[in-house]
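**Student:** Kindly return the folded structure for what I paste below:
(2 chains)
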Protein chains: 2
Amino acid sequence: MSANSVQFIDNPSDPRVAAFQDIRERDLTGREGLFIAEGEVVIRTLLASESLCRARSLLIAENRVGAQADLIAAAGDTPVYAASQAVMDAIAGFPLHRGLLALGEKPVERSVEEVLGELPEECVVLAAAGIGNHNNMGGLFRNAAAFGAAAVLRDERCCDPFYRKAIRVSVGAVLRTPTARAASLEELIVALQAARFEVIALSPGATEPLAAISGGGRKAVLVGSEGPGLPPEVMARLRTVGIPMAGGFDSLNVAVTSALALYQLTTVSNR
Amino acid sequence: MSANSVQFIDNPSDPRVAAFQDIRERDLTGREGLFIAEGEVVIRTLLASESLCRARSLLIAENRVGAQADLIAAAGDTPVYAASQAVMDAIAGFPLHRGLLALGEKPVERSVEEVLGELPEECVVLAAAGIGNHNNMGGLFRNAAAFGAAAVLRDERCCDPFYRKAIRVSVGAVLRTPTARAASLEELIVALQAARFEVIALSPGATEPLAAISGGGRKAVLVGSEGPGLPPEVMARLRTVGIPMAGGFDSLNVAVTSALALYQLTTVSNR
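**Tutor:** Modelled structure (predicted):
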């Protein structure tokens, strides 16, 4: 990698920073294999060796260039643009307090089977069904990384984890965790079982408590969206576990549920 | 309680709904002992017997009056106002998809000592230091309710749990969980120890793992904000536990951390 020199941008319409324009609107329309990441911790993850994504360019607030010299060095040949805070805000289309953006390339899309085929004989994965909330999606990836889950698999109703907010909430875990999207929940479960994963579905209605399950071998923790949860016909065919709630309280957040299940499998029951 | 009759509102400036006007702006300025709650689940909690708060009035979208007949009945003598969606949006100052608002009175403020004095001999409480994010605050209350924590105690740097978003994220747990605010973290810890609570501080840097701790007696789980964490001089005087992370990953969300600690104390180690 060659030393990087920062290119200064004065005009918010400069074509070199076109990909950073009107970020919020574009979040909603998709980006053809690209994504926007923001904030120092996330961008360090993007540039680190464990990243599965490639950085295409960086945009940094002028007054942070000095303090971020090592990050700029880590960017290697990736173009780094700098702009005043006002120009940055004008590019992004809203006040951008974090002062640090990156344009990245998503990993090549792979099938669930391909991702599962590369995993070790003994591991835990997270499987997500119908998670439409970017906060929750980011939380699932963050918890997967924290407890060393080997992959996050999604059904077709899940939102895109490479949405800017999901990446931010994941603290960059989206950029380093193998992931794939199945055409349906049915196909996701079939692929997991074919790869000899025991699929454990988390459900408030389950009779077996989470505290009864143990790690070891290949385990998949399946979580559904908070409202409808997992379809009954899916649960009928899987081992289901629940987390007993005190005093008739409603339920736990789905990302919290995933953390509890991963904690149980990887830490509480060390096989 | 007498049967309730719904009063229809045509004019967004009607003084009967003045408390619901420009909700977002008022969130930031405080409400002198009052709060706004939104959504069906939260408002049912507000009206339920376990609520620690009193409802002062309800505002409901006209087209939901029929479907919410039992909720309106549960409101008893509390005035219930109805308005078209357009008038409701004009009152609130933004599009209000949930169609159901309540104005409530916070519980009378009590000291940490008073709240602790009413707790059973054996219980777990959550203690929060410097939690400034309303999502996280709501998550702490939700998890406290789910695992039957007897109270949530806050230091002076914590945000107000009665902020609309925190109530929503807590799924109403803020309205039914005893809580109090200490003048400082120091005073909070002193009060807990005087009431014979073992204070267990969660910290990424701790050497003792969370999985080593057991419930029983009086335990207080202390969590700090995600950035700075708990002050070192506080941790030096307390038992600290951590959750080992995989592959050098940063850390867990503070609400997730609280759920893991409560799960460990109330479920994994049943004493």
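**Student:** what about the residue of the stretch 151-271 of chain A found nearest chain B, distance to B:Thr267?
**Tutor:** Closest to chain B within the stretch 151-271 of chain A is A:Ala246: 2.8 Å, counting by CB to the nearest CB. For glycine as for every other residue, the C-beta is placed from the backbone atoms N, C-alpha and C. Here the criterion is CB to CB, to the nearest Å. By it, A:Ala246 lies 10 Å from B:Thr267.
**Student:** So between those two, which is more surrounded?
**Tutor:** B:Thr267 (18 against 14; other CB atoms under 10 Å in any protein chain shown).
**Student:** Next up, the contacts around the closest residue to the residue of the stretch 151-271 of chain A closest to chain B other than its chain neighbours.
**Tutor:** Excluding its sequence neighbours, the residue lying closest to A:Ala246 (CB to CB, 6 or more residues apart in numbering or on different chains) is B:Gly148, at 2.8 Å. Taking CB atoms under 8 Å, 6 or more residues apart in numbering or on different chains, we find B:Gly148 in contact with A:246-247, B:124, B:266.
**Student:** try 10 Å
**Tutor:** Contacts for B:Gly148 (CB atoms under 10 Å, 6 or more residues apart in numbering or on different chains) come out as A:244-247, A:249, B:123-124, B:262, B:266.
**Student:** State whether the residue of the stretch 151-271 of chain A closest to chain B is indeed within a strand.
**Tutor:** No. A:Ala246: not assigned to a strand; according to DSSP: H, G, I helix; E, B strand; the rest coil it is coil.
**Student:** State the pLDDT value of the most centrally placed residue in chain A.
**Tutor:** Geometric centre of chain A, nearest residue: A:Val174, 2.9 Å, by CA atoms, centre = their mean. pLDDT for A:Val174: 97.
**Student:** Helices of chain A, start to end?
**Tutor:** Here chain A has its helices, by DSSP state H, at A:23-27, A:40-47, A:69-74, A:85-92, A:112-117, A:134-146, A:164-169, A:185-194, A:232-235, A:254-263.
**Student:** Would you reformat these as CSV and include distance to B:Ala212?
**Tutor:** Putting those into CSV (distance: least, CB to CB, whole Å) gives the following:
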stretch, distance to B:Ala212
helix A:23-27, 43
helix A:40-47, 29
helix A:69-74, 37
helix A:85-92, 46
helix A:112-117, 34
helix A:134-146, 18
helix A:164-169, 29
helix A:185-194, 33
helix A:232-235, 34
helix A:254-263, 13
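**Student:** Same list (those) but as a markdown table, adding mean neighbour count.
**Tutor:** Shown next, in a markdown table, are those (neighbours: other CB atoms under 10 Å in any protein chain shown):
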| stretch | mean neighbour count |
| --- | --- |
| helix A:23-27 | 14 |
| helix A:40-47 | 21 |
| helix A:69-74 | 16 |
| helix A:85-92 | 19 |
| helix A:112-117 | 18 |
| helix A:134-146 | 26 |
| helix A:164-169 | 23 |
| helix A:185-194 | 19 |
| helix A:232-235 | 14 |
| helix A:254-263 | 26 |
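**Student:** State the pLDDT value of the residue in the stretch 51-200 of chain A that chain B sits nearest to.
**Tutor:** Here the residue of the stretch 51-200 of chain A nearest chain B is A:Gly148; by CB to the nearest CB that distance is 2.8 Å. Listed pLDDT for A:Gly148 reads 95.
**Student:** among the helices of chain A, which gets the worst mean confidence?
**Tutor:** Mean pLDDT, when computed for each of those, is lowest for helix A:23-27, at a mean of 72.
**Student:** quick one: contacts for the nearest residue to A:Gly132 once chain neighbours are set aside?
**Tutor:** Sequence neighbours aside, A:Cys159 is the residue nearest to A:Gly132 in space, at 5.2 Å (criterion: CB to CB, 6+ apart). Residues counted as contacts of A:Cys159 (CB under 10 Å, 6+ apart) are A:128, A:130-134, A:136-138, A:165-166.
**Student:** Just flag the most distant two among those residues.
**Tutor:** A:Gly130 and A:Lys165 (18.1 Å; CB to CB).
**Student:** Can you show me the CA trace of stretch A:197-214 as CSV?
**Tutor:** Output of stretch A:197-214 as CSV, limited to C-alpha atoms (Å, rounded to 0.1, in the frame of the first residue of the first chain):
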residue,chain,number,x,y,z
PHE,A,197,-27.1,-27.8,12.6
GLU,A,198,-29.6,-28.3,15.5
VAL,A,199,-32.0,-25.4,15.0
ILE,A,200,-33.3,-24.0,18.3
ALA,A,201,-36.2,-21.6,17.9
LEU,A,202,-36.6,-18.9,20.5
SER,A,203,-40.3,-18.4,21.3
PRO,A,204,-42.2,-16.9,24.3
GLY,A,205,-44.7,-19.8,24.0
ALA,A,206,-42.1,-22.6,24.3
THR,A,207,-42.3,-25.0,27.3
GLU,A,208,-38.6,-25.8,27.4
PRO,A,209,-36.6,-23.1,29.1
LEU,A,210,-33.5,-21.6,27.5
ALA,A,211,-31.5,-22.5,30.6
ALA,A,212,-32.0,-26.2,29.7
ILE,A,213,-30.0,-26.1,26.4
SER,A,214,-26.3,-26.8,26.0
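**Student:** List the buried residues of that stretch.
**Tutor:** By 16 or more other CB atoms under 10 Å in any protein chain shown, the buried positions in stretch A:197-214 come out as A:197, A:199-203, A:206, A:210-211, A:213.
**Student:** Now the two most distant members of the residues you listed.
**Tutor:** The widest separation within these (CB to CB) is 20.9 Å, between A:Phe197 and A:Ala211.
**Student:** Just the pLDDT for A:Glu32.
**Tutor:** According to the prediction, A:Glu32 has pLDDT 79.
**Student:** In contact with it, which residues?
**Tutor:** Listed by CB under 10 Å, 6+ apart, the contact set of A:Glu32 reads A:Lys106.
**Student:** State the distance from it to chain B.
**Tutor:** According to CB to the nearest CB, to the nearest Å, A:Glu32 and chain B sit 29 Å apart.
**Student:** dump the residue contacts of the closest residue to A:Val199 other than its chain neighbours.
**Tutor:** Distance criterion CB to CB, 6+ apart; nearest residue to A:Val199, sequence neighbours excluded, is A:Ala220 at 4.7 Å. By CB under 10 Å, 6+ apart, the contact set of A:Ala220 is A:116, A:123-127, A:149, A:151, A:153, A:188-189, A:191-193, A:195, A:197-201, A:238.
**Student:** Select from these every entry located in strands.
**Tutor:** A:123-127, A:153, A:198-201 (DSSP state E).
**Student:** would you list these in a markdown table and tack on pLDDT and distance to A:Glu40?
**Tutor:** Shown next, in a markdown table, are these (pLDDT from 0 to 100; distance: CB to CB, whole Å):
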| residue | pLDDT | distance to A:Glu40 |
| --- | --- | --- |
| A:Cys123 | 97 | 30 |
| A:Val124 | 98 | 29 |
| A:Val125 | 98 | 29 |
| A:Leu126 | 98 | 26 |
| A:Ala127 | 98 | 31 |
| A:Leu153 | 98 | 29 |
| A:Glu198 | 97 | 39 |
| A:Val199 | 97 | 37 |
| A:Ile200 | 96 | 36 |
| A:Ala201 | 95 | 37 |
